[in-house]
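Participant: Need a 3D model of the sequence below.
(2 chains)
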Amino acid sequence: MSEEKNEPLDFIRTIVSNDVANGCKVVTRFPPEPNGYLHIGHAKAICIDFGVAREFGGVCHLRMDDTNPTKEDVEYVDSIQDDVRWLGFDWEDKFFYASDYYEKLYEFAMEIIRRGKAFVCDLSADEVKEYRGNLTEPGKESPFRNRSIEENLDLFERMRKGEFPDGSRTLRAKIDMAHPNVHMRDPAIYRIRHAHHHRTGDSWCIYPMYDFAHCLSDSIEGITHSLCTLEFEIHRPLYDWFIEAAGATPHPRQIEFSRLNLTYTVMSKRRLLELVQGKHVNGWDDPRMPTICGLRRRGYTPEAIRKFCEILGITKTNSLSDIALLEHCLREDLNKRAPRVMAVMDPLKVVIENYPEGQCEELEATNNPEDPTQGERLVPFSRNIYIDRNDFMEEPPKKFFRLAPGAEVRLRYGYFIRCTEVIKDAAGNITELRCTYDPETRGGSAPDGRKVKGTIHWVSADHAVEAEVRQYDRLFSVENPGAEDNWLDCLNQDSLEIKKAYLEPELTKAVPGFICQFERQGYFCADKDSTPEKLIFNRTVALRDSWAKTQNKN
RNA sequence: AACCCCGUGGUGUAAUGGUAGCACAAGUGGUUUUGGUCCACUUAGUCUAGGUUCGAGCCCUGGCGGGGUUGCCA
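Facilitator: Numbering: from 1, shown residues only, chains lettered A, B, ... in the order given. This next block holds a predicted model:
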């Protein structure tokens, strides 16, 4: 039952809700073809398929739509299950393959032939294409269209036995060669493929087409609502035709919604594959990829992705969603849960001249100001520290609240320091800062009540651990690369910047997948290849930066 | 070109014949030991022309615009 009474329902939930009110028990399904990795567009579909089922007290099946042995592979079957599970959904024992139904589908085909609604056609693929006509002109009927039922039955059985070579014959539906919907012009039901199937091996040499196998698989599983994306809308009349022609029950209802498109990325399997094969990214789980495994490696959480899909809503409108919304959902989630630590990416050495040489103290730092239950930790402080280079300006503009000659700032959870001297090399580059600290300001507040406007992060140079940090930016430099002819030319050449960083020693303990906030910078996730000896962090998403914004305006 | 689908602020959506609302983005201010978070405020919308109606974003007709479809892929 839909729990939020006053929340408006999307059009699909409205339909399902009415059906439930009429006594319908909801069964949906997520039916990927195991020929590639899932991406965030699939996540939307998964959230809809599993979400609708759960909300209305039903179940959602996970079914591998494996009807084309030449394109599919077990490699993908596992990754698909991992990704759906990681997203937080459970199919219980309802895990199926379309190939489970090959025998039943064959029987359905025989039934359609017996009803005189299908025939074996000897036309070649090219001939079929010629006979089909085009969008404005009707097609013409195959010369084999009027074979007797007996002959069709015989031929189809012999197709199954392997008596004919690939492509020599097909089983076709007998519908209407003049139909304005070209999918209704006697579409193929079975084709001959002497190919090894990843599950059925060599037991079949004929394989059912999607339109036929999909609707009947839905019926076999008792699917009530077959939810899919808009490009299948025009297939629906054929979907309904097959169910009727085969005499299959129940008759699932197909409802279509628009796919997810995201700014600054591409979503089609073909393009994603091209990015991987062309080495424009480092594999399917490259953190810049919109694949589920890529997002996971980057540090995205299932909660953030689900929230995003929820906010998106469901419509039939073609749309291009702003990736900023996804990032908003991510930050909102991570802000609540990610512990804070300090890390310096572009180090500038600071020597605190009045701090005793060799002394070290442990300063108490809050792990997450948004969540007191995360407690505190101790951060070592010493005479030599690193700060971020862009937290210092020799000639600061107005409203620059960070460190500058003569200026005072607070070191986060540390002391107030004041810059007394700027040291440069022969080329004029700043190599080091000399500062003094106020011993009275330990922890970050002054007993005399004086305020500082700026607080900057730091690490003790004597205690810091090194790490490789991979800073990711959007993969493409244009909003809708998929719309460009030369979409690969739109790749953002600076989508990955690798840096050496200095971190609090605490981070040595970070295990792969650990997500934290580097204060004032962003959320970072320990990469799967990270080890205590060689720490690697991926930048999941940067913090919002209103200072950068005001600067860009000038 | 034929058929099908879709047009609401910049973006994603709500309003199911009765006050066009929400979120993101953008902007302004406040709070702040993260220039983060949080809070307040501002900007900005029904593709178009008719029709039905007391009343139309919603219903009808035409136009315009966008998408999908012409695999023995899914």
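Participant: can you tell me which helix or strand the residue lying farthest from the centre of chain A belongs to?
Facilitator: In chain A, the residue that sits farthest from the middle, by C-alpha atoms, centre = their mean, is residue A:448; the gap is 52.0 Å. For residue A:448, there is no enclosing helix or strand under DSSP states H and E.
Participant: how about it, what does it touch?
Facilitator: residue A:440 (C-beta atoms under 8 Å, 6 or more residues apart in numbering). Every residue, glycine included, has its C-beta placed from N, CA and C.
Participant: what's the neighbour count on the residue nearest to residue A:134 when sequence neighbours are not counted?
Facilitator: Nearest non-adjacent residue to residue A:134, counting by C-beta to C-beta, 6 or more residues apart in numbering: residue A:182, 7.9 Å away. Neighbour count of residue A:182, defined by other C-beta atoms under 10 Å: 15.
Participant: what's the answer for residue A:286, then?
Facilitator: For residue A:286, the neighbour count with other C-beta under 10 Å is 20.
Participant: Now do the SS call for it.
Facilitator: coil (DSSP: H, G, I helix; E, B strand; the rest coil).
Participant: Double-check it against residue A:294; I have them as touching.
Facilitator: Yes: if you go by C-beta atoms under 8 Å, residue A:286 and residue A:294 touch, sitting 5.6 Å apart.
Participant: what residues does stretch A:79-96 touch?
Facilitator: Contacts of stretch A:79-96 (C-beta under 8 Å, 6+ apart): A:30, A:32, A:34, A:37-38, A:42-43, A:46-47, A:50, A:59-64, A:217, A:221, A:292-293, A:296, A:302-303, A:305-306.
Participant: Near the closest residue to residue A:415 other than its chain neighbours, how many other residues are there?
Facilitator: Among residues not flanking residue A:415 along the chain, residue A:437 sits closest, at 4.4 Å (C-beta to C-beta, 6+ apart). Residue A:437: 22 surrounding residues under other C-beta under 10 Å.
Participant: Point out where chain A drops to low pLDDT.
Facilitator: For chain A, the stretches with pLDDT under 70 are A:1-6, A:553-554.
Participant: Now the closest residue to RNA strand B within it. Nearest residue, chain neighbours left out?
Facilitator: Relative to RNA strand B, the nearest point of chain A is residue A:444 (2.0 Å; C-beta to the nearest atom of the strand). Nearest non-adjacent residue to residue A:444, counting by C-beta to C-beta, 6+ apart: residue A:410, 5.1 Å away.
Participant: Quick one: distance of the helix or strand hosting that neighbour to the chain centre.
Facilitator: Counting by DSSP H and E, the element that carries residue A:410 is strand A:408-411. Taking C-alpha atoms, centre = their mean, to the nearest Å, one finds the center of strand A:408-411 at 40 Å from the center of the full chain.
Participant: Please apply the same query to stretch A:39-54.
Facilitator: 12 Å.
Participant: Could you do stretch A:366-381 as well?
Facilitator: Taking mean C-alpha positions (C-alpha atoms, centre = their mean), stretch A:366-381 and its chain are 31 Å apart.
Participant: dump the residue contacts of residue A:357.
Facilitator: Contacts for residue A:357 (C-beta under 8 Å, 6+ apart) come out as residue A:383.
Participant: Looks to me like it is in a helix.
Facilitator: No: Residue A:357 sits outside any helix when classified using three-state DSSP, being coil.
Participant: re earlier: hmm, the residue nearest to residue A:415 is touching residue A:350, no?
Facilitator: No: shown here, residue A:437 and residue A:350 do not form a contact pair, counting by C-beta under 8 Å, at 9.9 Å.
Participant: any residues in contact with both of the two?
Facilitator: Joint contacts of residue A:437 and residue A:350 (C-beta under 8 Å, 6+ apart) are residue A:417.
Participant: where exactly do the helices run in the stretch 1-150 of chain A?
Facilitator: With helices called from DSSP state H, counting those that start in this stretch, the stretch 1-150 of chain A shows them at A:11-21, A:40-55, A:74-86, A:102-114, A:125-131, A:149-161.
Participant: Name the stretch among the ones you listed that sits most buried.
Facilitator: Each of the helices of the stretch 1-150 of chain A was scored by mean neighbour count; the highest is helix A:40-55, a mean of 22, by mean count of other C-beta atoms under 10 Å.
Participant: other SSEs contacting that one?
Facilitator: Applying 3 or more C-beta pairs under 8 Å, 6 or more residues apart in numbering; DSSP states H and E, one finds that helix A:40-55 contacts helix A:11-21, strand A:27-30, strand A:59-64, helix A:74-86, strand A:225-229, helix A:292-298, helix A:302-312.
Participant: Quick one, which of these gets closest to residue A:425.
Facilitator: helix A:292-298 (37.1 Å; C-beta to C-beta).
Participant: got a list of contacts for the closest one?
Facilitator: By C-beta under 8 Å, 6+ apart, helix A:292-298 touches A:37-40, A:42-43, A:79, A:82-83, A:86-87, A:284-289, A:305, A:472, A:525, A:527-528, A:538, A:540.
Participant: Count the neighbours of residue A:217 for me.
Facilitator: Neighbour count of residue A:217, defined by other C-beta under 10 Å: 27.
Participant: looking at it, residue A:25 is touching residue A:19, isn't it?
Facilitator: No: in this structure, residue A:25 is not within contact of residue A:19 by C-beta under 8 Å, at 9.3 Å.
Participant: and the residue nearest to residue A:415, bridged to which residues?
Facilitator: residue A:417 (DSSP bridges).
Participant: so what's it up against?
Facilitator: Applying C-beta under 8 Å, 6+ apart to residue A:437 gives the contacts A:352, A:354-355, A:415-418.
Participant: All good on my end, thank you.
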